[in-house]
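Chemist: return a 3D structure for these sequence lines:
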Amino acid sequence: MSTASNFSDNESNFSDLDQFENQEESINAISETIAGLLEQLSNNVYQYEVHVQYIQTLRKSALFDELKEAREMMHSIFPLSEEMWHEWIEDESRIASTKEEKQRVIQLYSKAVQDYLSINLWKEYVSYIVQEYKNGLNEMELENESECTITLDQVRKIFDEANRETCYYITESHQIWDAYKDFEVEILEASPRVKKMYESRLKIPHATVDKTFSDYSSFITKYDNFNYENVMIETNKYVSETKGKYYERDQYENALTASNNPLDKFMDYIDFEKKQKKPVVNAIRTLYERAIANYYFDNTLWENYMLFLLEKYLIDKKVSISILIKTAERSVRNCPWSGDLWGHYIRILEKNFSSPEEIVNIYNRALSIGMLKNNIDDLIKVIISNVDYERRKILAYKGPISQENGSSLVNLLEEGIKLVKETFQIDDPYYRLEKYLIEIETLIKNLSKARQIWNELCKNHRNESEFWIRYADWEKAVGNLDDVRKVYKRASQQNTDWPERIFDAWEHFEHQYGTVDNFELAIIFIKKQMTIVAQRRERAALEEAKNAQSEGLSQVVPAMQVAEDNKSLEAIDSISSEQYSDTKKRKPEDEQQMEELPVAKRNKAQQFEKPKRDREFATIIVSNLPFDVKEGELKTIFHECGKIKEIRFLVDTVNAQKTAYIEFNEKESVPAALTKDKKRIGDQEICVYRISERILYVTNFPPSIDIEELFKKYGEILSVRKPSTKHKTNRVFCYVEFKERNSAQAALEMNGRELEPGKKIVVMISNPLLKKERSAPIQTEVYVRNLPSNVEQNELKSLFQTYGPVTFVRIPMTNDNKCKGFAFVEFENKAHAKASLALNSTEFKGCVLNVTLSEINRNQIQKEGKINEREKNKISKRRQEGFKESEKRSKTVAFTKLPKDTTEESIRNMLSQKFKDEAISKITMSHDRCAYVEFEHIEDAGKAALHFNKYKLENTIISAVIRSDLPSTLAELAVQRDDKPAKMTMVPRRLIAPSSKLGTKRGPGKIGIGSSSKKGQLVKSTKDSNSFTENQDDETKDENNSKKSNDYFRNIFYNSSNS
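Modeler: Here you go, the predicted structure:
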């Protein structure tokens, strides 16, 4: 018994020892974790996740002293979330027993509500102070409130702040205001204070406005019943207005609640408040704060908030400088990587006349965090903001910048340039600090140093025309005209991105400052360089064509250089791509007619063939553009990548930005355009990407699923495109196009998700290069011949289903309901159909069967059955379009040879001399110095062409001609040719001869292939000057005889205008 007891005691001792050892190992592991986290923070204190992990570890270990220090350290750098504040305050309030400890809890609440707008924290805050105020009065049993943790004045001050910060939170603010009202009523203070609270509250829209009004009615009944009727009548006037405001905003609140508070819904709400007749600044501030509480790491949101506050401070004077400083501090604590936000902070402190030491500390703090090292633009913005402050300080206290006071600016800029190079190992592509340094060196008369900086910049920017023009402008500004010519000459010899711009700038300079000899020498040099540029481009085109052929991508044919004075070719280029859409598929007779032409004429005609438009491959998207960006600026950036077909803008009024769709003539231009990504326009960095990067290819999903509903949570969807299921119902895929590329990237997380058991959806970014040609349908049908006339469908099915499941049997029947001798049998798959070929040459009901795989494409049969009707509809439609287009062209005047940079506004101002705005239907500007003005009436178009032809606009003689005098569009040609599709549609009308007389020799005065007219003039179509040969088609002859000449119409319009 004793032995057993000893054994049990020993076993218990061993168990306790094991438990102690396990605890010791656990403590050691926690200590090692804490030490490792501390080491990480000592190396870089700006690691948010490490701070969070460190605090959680200390809290689990119950190391409260270290936990307090850790929380203080993190809060000094980063804002804390609502959950982290709740844990911190809960830990502190649990152990708070003395007056000092409770006041510390109140201080923590005060800091917590400053980070983000949180109704929960404010509610806990006011609840805590009310409870402490009551506890203090009860425990002390004294009327001396100074002995309490918090006084009545302090409670009211906190309540006032809470109500001020939350009163425009329409759906939740009643929780704070009701607590405030209940507190005031409970302490039995004089009723006028509570009455004033009610009156203020009822003027602010909130979710419980009806309850507030009812409570006010009861309050007046109790405290001011004698004046009840008068008070309630007066109150009801503004309560009705308040309810109306609430109902207007209720739809925005519902939109936020229904979609889990997306940022775009917040911005819609904010935009609505800003558009009010009398915007309420605090209401807009509250919405921004609510948005930030959900999207605190969105630096663009913070930037918009700061700009709004600055506008209200600078213009309306409705925001105090203290709010600006507090918000700027919060913004950089949330987004310390944003150079824009640091720049705002520095300038706001400057407005507040803060000490130089304080501003320097903010600048050094921005650099020391290290997060600016991720983006060169943000770092440069902070450096420039600091230099701007120093420059303004010198101008304010020391006068104009000179050699005596400018050295500090030079030192700051040189240090900034050095920091950028050391951080990113590259130079700023926009040389912003260097330009600033050149400006300062120029102001302090150190021109040799400034010129040295320009020459150093030449190493990295010699191929940029913008750089050389800046350099030349600087030399011109300092008065060195000979050096300006040297710069232009040096620039002209470089392989720049836009040499014509340099040539134009040099020529313009010589117009202003040059002598006769200087001007002529410049022109001679420019002409030589233009020849060299043309040769260089030709070699590059040939090399590109050679590379494309070697890679087997496509055969690239160098484009023919069209003479500038060839008006017929310019007219062909002016025809829009939509007018070619009906002629993409040429018929065999077109090719035959082309072959009948002589070789020289055929080659010339083929030069006008319009390439197939391939938007999917040839279009890029340029986003994050400034709101005021112009089409010309984009052409300046992308012209070197290839010929631009079209630029379309999508305007984002919420963020004041634009997105551009740029379509090139050739898809080979897209890779070069993608290299412009991250380029800057003004102060914004643009994003360039393929259009397909925001389109998802989605497949293998249940047919019943709502694709748009499935993906809308990732961002705004522009379209969902599904294939036609008319002939094939089992095609399950679609294309989802988002408004933003980031939305498509985020949606990729759906890839592989199981929407139904065993069926995983496939989601990937659309890649047009992987698109396959649609394969021929799998052959599952057999063709059975030599059948008896009395065969029945079930007999044939029974015969063939021994080789596999039969899905369909079709037996064509005669009028007397007998088999025509053949039938079609369809199986589930191709293997079963092939197996059934064993029945070939077998006997069936006295007949030897002939069984083969069916070669008939049923879809093709259905298509061919509709082809005639479709062609008729096309011809009718083409004819209608032709008449409409002909009328439209008769009402449109083409203004050509316009001055550079002519705008729509300048065209309208010119036309206003003769026409009212109502007379003009539309003005379309073209990139080739042309404008097309469509009038409401044909007679107005004639008057405009007559009056403004040879008109002098900004010292430039312009031309004006009715557009119907130009070569016809395809639709018009179709109408003129008896509804037949236009032959050789890429060739101008004047180059087309009647098909029966292609080789006829023309005599003098005849118009046709090979004839000539005076350069720059339209060929007249009068009866005398445009006679045709006797053998010309009668149909064409009648058509021309019925026409009136342009002179005839001009005389009519001239007489009508005089009358």
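Chemist: residues in contact with the host helix or strand of Ile620?
Modeler: Here Ile620 sits within strand 619-626, counting by DSSP states H and E. Residues from elsewhere that reach strand 619-626 (CB atoms under 8 Å, 6 or more residues apart in numbering): 634, 657-664, 670, 673-674, 676, 681-691, 693-694, 740-741. In short, each C-beta sits where N, CA and C put it, glycine included.
Chemist: next: stretch 126-140.
Modeler: Residues from elsewhere that reach stretch 126-140 (CB under 8 Å, 6+ apart): 93, 102, 105-106, 109, 145, 147-152, 154-155, 158-159, 162, 176, 179-180, 183.
Chemist: mark which of these are buried, thanks.
Modeler: In these, burial by neighbour count holds for 93, 102, 105-106, 109, 148-150, 154-155, 158-159, 162, 176, 179-180, 183, counting by 16 or more other CB atoms under 10 Å.
Chemist: among those, name the ones in helices.
Modeler: The helices in this structure, assigned by DSSP state H, contain 93, 102, 105-106, 109, 154-155, 158-159, 162, 176, 179-180, 183 from the buried ones among the contacts of stretch 126-140.
Chemist: among the contacts of strand 619-626, which are located in strands?
Modeler: Among these, DSSP state E puts 657-664, 681, 684-685, 687-690 in strands.
Chemist: point out where the stretch 551-700 of the chain drops to low pLDDT.
Modeler: Scanning the stretch 551-700 of the chain for pLDDT under 70 picks out the ranges 551-615, 653-656.
Chemist: hey, where'd the helices end up in it?
Modeler: Using DSSP state H, counting those that start in this stretch, the helices of the stretch 551-700 of the chain run over 567-574, 588-596, 599-606, 615-618, 631-638, 670-674.
Chemist: if we can go back for a sec, now, which of the ones in strands among the contacts of strand 619-626 sits nearest Ala70?
Modeler: Glu685 (37.2 Å; CB to CB).
Chemist: I'd say that closest one and Asp677 touch.
Modeler: No - counting by CB atoms under 8 Å, Glu685 does not reach Asp677; the two are 9.0 Å apart.
Chemist: just the helices from the stretch 101-250 of the chain, written as ranges.
Modeler: Assigned by DSSP H, counting those that start in this stretch, the helices in the stretch 101-250 of the chain fall at 119-140, 152-166, 174-186, 191-201, 209-223, 228-258.
Chemist: pLDDT weak spots in the stretch 401-550 of the chain?
Modeler: The model of the stretch 401-550 of the chain has pLDDT under 70 over residues 548-550.
Chemist: could you rerun that using 80?
Modeler: Residues of the stretch 401-550 of the chain meeting the criterion pLDDT under 80: 541, 544-550.
Chemist: and the helices in it, which stretches?
Modeler: Counting by DSSP H, counting those that start in this stretch, the stretch 401-550 of the chain has helices at residues 407-424, 432-443, 447-461, 465-477, 481-492, 499-513, 516-550.
Chemist: closest one to Leu898 among those helices?
Modeler: helix 499-513 (16.4 Å).
Chemist: which parts of that closest one are buried?
Modeler: Residues of helix 499-513 classed as buried: 499, 501-503, 505-506, 509-510 (neighbour count, 16+ other CB under 10 Å).
Chemist: if we can go back for a sec, now the strand holding Ile620 against helix 631-638, angle please.
Modeler: Counting by axes from the mean of the first three to the mean of the last three CA atoms, to 10 degrees, strand 619-626 lies at 120 degrees to helix 631-638.
Chemist: quick one: strand 619-626 to chain centroid distance?
Modeler: Averaging C-alpha positions (CA atoms, centre = their mean, to the nearest Å) puts strand 619-626 6 Å from its chain's average.
Chemist: same question for stretch 634-647.
Modeler: The answer for stretch 634-647 is 18 Å, by CA atoms, centre = their mean.
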